[in-house]
Every structure is written in structure tokens, then in C-alpha cells.
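*Asks:* Got a sequence here, can you model it:
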Amino acid sequence: MKKIYLVLGTLGLFSALIAGSCSSSKETVISDKEKAAFHQKEADTVKIANDATEYEIIIIEPGFNFWLESIARPRNYYSQEFLESRNQIFVTNYNQRVMQPMRYDPNLYEQQINYDFHTDYGYEVNYKLYNYFIYFQRKYNQRLGPFVPRI
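*Replies:* Presented below is the predicted three-dimensional model:
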């Protein structure tokens with residue numbers, strides 16, 4: 001069985017990035033419940049393994065599992081096509097930032113994501129990858145695409 005691992009996560013906690021504010025009209029509003037997820041210290045590991053698709057995603061990020069279960073849109077809210085199209089944008093921009101450690105924080109952008117745009121990873125992998133990117137952007141005040149990361 002062939003496996004491709006997508007391991008994501010940040011080792012350091014950068015609460016200073018959360019404290020920064022923006023005066024733009026497209027400011028991201030973070031609820032108290034979401035802030036609680038961002039400030040969790042215990043490491044969460046989210047693993048999705050599907051023998052049918054032979055792909056696996058492992059996300060190690062404090063608070064992500066709590067955020068995914070309590071804040072994120074429920075499964076089947078988005079179509080798989082929507083998730084795939086957004087993941088293409090997010091992965092491309094994320095990987096570009098990994099390759100520029102002098103410009104982007106290498107503690108946030110640690111390693112490239114091996115995501116093949118022509119492979120059908122299935123709904124669950126795309127759902128969790130998409131939501132990780134939303135979580136990541138909201139927690140660390142980053143923008144990986146032309147749109148504001150919303151829930």
C-alpha cells in the first residue's frame with residue numbers, strides 16, 4: 001500500500017502574531033471560543049487514514065482538533081471540488097513561503113506539503129487540510145490567498 005504523508009504543524013507558539021491588529025475593513029473577527037483553541041498548549045494530533053484512497057494526513061498543532069470539532073464548518077458543508085480548489089491555492093502559497101525563509105518565518109513555514117493537484121485524496125483529507133489552512137491563517141494572522149480566511 002502506497003502512503004503519502006502530509007505532516008503539518010508548528011512547533012512554537014507565536015501568540016504575539018495573534019495580538020497584532022489590522023485596521024482594514026476585512027479584519028478577521030476571532031471569537032472567545034476560537035481564542036481559547038488558539039491558546040491551548042497541549043499538542044493535538046489529527047490523523048486521517050483511509051485505506052481506500054491510500055493517503056494519510058497528520059496534523060500536529062495545539063488546539064487544532066478542538067477548533068476543528070467546535071469552530072469549523074461541519075463535514076459536507078463544502079463540496080470536495082471547492083475544498084480541492086482552495087487547497088491548491090493554499091498549498092501553492094504555503095510552499096512558496098517555505099522556500100523563502102528570509103522573507104517568511106521559518107518557524108511557521110517549516111516544510112513543504114506534498115499535495116498533487118491531480119490526485120483524488122478523497123473528501124476527508126481535503127476537508128481537514130482545508131480547515132487546517134483556515135485555522136493556521138486565523139491563528140497566526142497570515143493570508144495564503146486572495147480572500148479573508150473565514151469560518
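*Asks:* E110: how many residues sit nearby?
*Replies:* Per other Cβ atoms under 10 Å, the neighbour tally for E110 reads 15. To be clear about C-beta, it is placed using only N, CA and C from the backbone, and glycine gets the same treatment.
*Asks:* how near is it to L83?
*Replies:* As judged by Cβ to Cβ, to the nearest Å, E110 and L83 stand 23 Å apart.
*Asks:* do L108 as well
*Replies:* Counting by Cβ to Cβ - L108 and L83 are separated by 22 Å.
*Asks:* Just the strands from this protein, written as ranges.
*Replies:* 5-8, 45-50, 55-60 (DSSP state E).
*Asks:* By residue count, what's the longest helix in the chain?
*Replies:* helix 80-98 (DSSP state H).
*Asks:* Per-residue pLDDT of the nearest residue to L83 once chain neighbours are set aside, please?
*Replies:* Closest residue in space to L83, ignoring its immediate chain neighbours: N126 at 4.0 Å, by Cβ to Cβ, 6 or more residues apart in numbering. With respect to pLDDT, N126 scores 93.
*Asks:* Could you list the buried residues of stretch 133-151?
*Replies:* 133-142, 144, 149 (16 or more other Cβ atoms under 10 Å).
*Asks:* and these, which two are the farthest apart?
*Replies:* Across those, the longest distance by Cβ to Cβ is 13.7 Å; it joins F133 and N141.
*Asks:* who does the longest helix of the chain touch, helix- and strand-wise?
*Replies:* helix 123-139 (3 or more Cβ pairs under 8 Å, 6 or more residues apart in numbering; DSSP states H and E).
*Asks:* report the angle between the axes of the helix it packs on and strand 55-60?
*Replies:* 30 degrees (axes from the mean of the first three to the mean of the last three Cα atoms, to 10 degrees).
*Asks:* ok, and the closest non-adjacent residue to F66?
*Replies:* A37 (4.8 Å).
*Asks:* count of residues packed around the one you found?
*Replies:* Neighbour count for A37, taken as other Cβ under 10 Å: 24.
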